[in-house]
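[1] Prediction below, plus the sequence it came from.
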Amino acid sequence: MMFTEKYDRLETGIISGFLLPLVISFFVFLFSEGNPDIGLWITRIKIAGIATHIISLCVFPNVLVFLLFNHFDMLRASRGVLAATIVWAILVLIVRVWP
């Protein structure tokens, strides 16, 4: 069984589609200016009104993972990344509309 056949599963795409934005957001938090306190950082994001911008920035690398899976003909995994990205987009809409 080849590597691409082994990991061409919907679960692989969904897991990578949810974990990659979380990892990117962790790095955004680490390299943000100021005191590295997660509660204070989230409060500053809410006050500044840029929560949707941060989420969108962190979800953008999913496009690269989707294209990578698509390039290696791992269509089930790319379908999982697409599903996770749609869930992230719905989350952005909820955060945007929620007062």
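    Ah, there it is.
[2] any idea which residue sits dead centre in the chain?
    In the chain, the residue lying closest to the centroid (C-alpha atoms, centre = their mean) is Pro21, at 2.6 Å.
[3] pLDDT score assigned to that residue?
    We note a pLDDT of 97 for Pro21 in this prediction.
[4] Over to Pro99?
    Per-residue pLDDT puts Pro99 at 68.
[5] average pLDDT for the host helix or strand of Phe66?
    Assessed by DSSP states H and E, Phe66 sits inside helix 61-71. Averaged over helix 61-71, pLDDT sits at 96.
[6] on that earlier part again, around the residue lying closest to the residue nearest to the centre of the chain once chain neighbours are set aside, count how many other residues there are.
    Among residues not flanking Pro21 along the chain, Cys58 sits closest, at 4.2 Å (C-beta to C-beta, 6 or more residues apart in numbering). The way it works is simple: take the backbone N, C-alpha and C, and place the C-beta from them, glycine included. Applying other C-beta atoms under 10 Å, we find 19 residues neighbouring Cys58.
[7] Quick check: Cys58 vs Phe72, distance?
    24 Å (C-beta to C-beta, to the nearest Å).
[8] ok, Ser25 touching Cys58?
    Yes - Ser25 is within contact range of Cys58, at 4.4 Å (criterion: C-beta atoms under 8 Å).
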